[in-house]
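Enquirer: Below: sequence and its predicted model.
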Amino acid sequence: MSDQNKPSLESTLKSTDTEEFIDIYFYRPIGYRWALLFQKLGITPNVVTIASIFIGIAAGVCFYFDELWISILGIFLLIWANSYDSADGQLARMTKNFSPLGRALDGFAGDLWFASIYIAICMRLEPVFGGYIWLLAIIAGYFHSKQASMADYYRNIHLLFLKGKSGSELDNSVELNEKYNSISVKDGWFEKTYLFLYRAYTKGQESWTPAFQKMFKSLKDKYGETAPEQFRKDFREKSLPLMKWTNILSFNTRAIVLFISILVKQPWIYFVFELTVLNAILIYMVMSHERICRKFAQDINAGKY
């Protein structure tokens, strides 16, 4: 591929609004170089995602051991896995190679990384904490899933009003249910299974955002699929400050705390951090976004837009 035809790094980003500092200056440049290599070798995004799963699980296994060099190896492997997680999306955007399987694998990859990390930490700490460490991990893992789910939802809402439907992965459970019912198990068992799980995931996101659902319905009832440009501009302006909180609830901040807790040989700190600091941010983020949406719903109904 000539330099003239080579896609730019910027073209492989979702948006600068939703990218975190560490991603922009570390993971995205590394992922971009991986993506260029994988494109040259003919490797698909799904293969990259599967590779990241194995690397991420290996990182989790390392955190079982109370040896500094193994802990450092685990940190390196998790960073490597996340660089592949960045690369698969960038490669998909380069090659326009998107699929339901790819999206399902991408979400599943992070779940498997952290499942292995949680299990390794619990096995390591069980001699000291007994069965209570497993209970702590289960509760932390539940809220981890909610934190990541809502962060993803709010980013896609922001991207919808920033770049339009083609630049966002925002879905709704009604349309997903229609797709699910239109597919027979015989003709598409994988897609039907994926839609069954993804529909439940989306319903969970919607249940946490009643004010947004009401605002979005009013907007679509009045303007169809294309919101007025002034509304899009105003909504993005109010939504943008919340993007830093969605990033904190994603990977980088939690990974830094995980690495520190592992290096100081107190990995239980990570679970406590998820249950206290990250849950406080989740509550603040949800309340703030709902408040913004209630105000915009009032403005839409009052004819401001």
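Expert: Done, it's in. Numbers count the residues shown, from 1 in each chain.

Enquirer: confidence score at the nearest residue to A92 once chain neighbours are set aside?
Expert: Distances taken as CB to CB, 6 or more residues apart in numbering put P45 closest to A92, at 4.3 Å, once the chain neighbours are dropped. For glycine as for every other residue, the C-beta is placed from the backbone atoms N, C-alpha and C. pLDDT for P45: 92.

Enquirer: which ones are touching P45?
Expert: D88, G89, L91, A92, T95, N97, G102 (CB atoms under 8 Å, 6 or more residues apart in numbering).

Enquirer: now it: how far from K265?
Expert: 37 Å (CB to CB, to the nearest Å).

Enquirer: again with I22
Expert: Taking CB to CB, one finds I22 at 25 Å from K265.

Enquirer: again with D152
Expert: Taking CB to CB as the measure, D152 falls 32 Å from K265.

Enquirer: Can you pick out the residue with more neighbours from those two?
Expert: Using other CB atoms under 10 Å as the criterion, D152 and K265 rank with D152 on top: 18 against 11.

Enquirer: host element of that one?
Expert: In this assignment (DSSP states H and E), D152 forms part of helix 132-163.

Enquirer: Quick check: mean pLDDT of that helix?
Expert: Computed over helix 132-163, the average pLDDT equals 95.

Enquirer: So for it, what gets flagged as buried?
Expert: 133-134, 136-137, 140-141, 144, 146-162 (16 or more other CB atoms under 10 Å).

Enquirer: which other helices and strands contact it?
Expert: Where contact means 3 or more CB pairs under 8 Å, 6 or more residues apart in numbering; DSSP states H and E, helix 132-163 is packed against helix 100-129, helix 185-207, helix 229-239, helix 243-248, helix 268-273, helix 279-301.

Enquirer: Could you save these as JSON lines and add columns showing distance to G167?
Expert: Shown next, in JSON lines, are those (distance: least, CB to CB, whole Å):
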{"stretch": "helix 100-129", "distance to G167": "15"}
{"stretch": "helix 185-207", "distance to G167": "18"}
{"stretch": "helix 229-239", "distance to G167": "12"}
{"stretch": "helix 243-248", "distance to G167": "15"}
{"stretch": "helix 268-273", "distance to G167": "32"}
{"stretch": "helix 279-301", "distance to G167": "19"}
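
Enquirer: Could you double-check that C122 lies in contact with Y132?
Expert: No - applying CB atoms under 8 Å as the test, C122 and Y132 come out as separate, 10.0 Å apart.

Enquirer: quick one: buried residues of stretch 281-290?
Expert: I281, L282, M285, V286, S288, H289, E290.

Enquirer: How about the contacts made by the first one?
Expert: Residues in contact with I281, defined by CB under 8 Å, 6+ apart, are Q147, W245, I248, L249.

Enquirer: The same query, at a cut-off of 10 Å, please.
Expert: Neighbouring residues of I281 by CB atoms under 10 Å, 6 or more residues apart in numbering: Q147, A151, K244, W245, T246, I248, L249, T253.

Enquirer: buried subset of those?
Expert: Buried subset of the contacts of I281 (neighbour count, 16+ other CB under 10 Å): Q147, A151, W245, T246, I248, L249, T253.

Enquirer: Of those residues, which is the nearest to F63?
Expert: T253 (17.7 Å; CB to CB).

Enquirer: Can you say which helix or strand has the closest one in it?
Expert: With DSSP H and E as criterion, T253 is part of helix 252-263.

Enquirer: same question, V174
Expert: Here V174 is assigned to helix 173-182, by DSSP H and E.

Enquirer: what comes into contact with that helix?
Expert: 100, 171, 188, 191-196, 198-207.

Enquirer: For E191, give its distance to K179.
Expert: 8 Å.

Enquirer: now G141
Expert: 29 Å.
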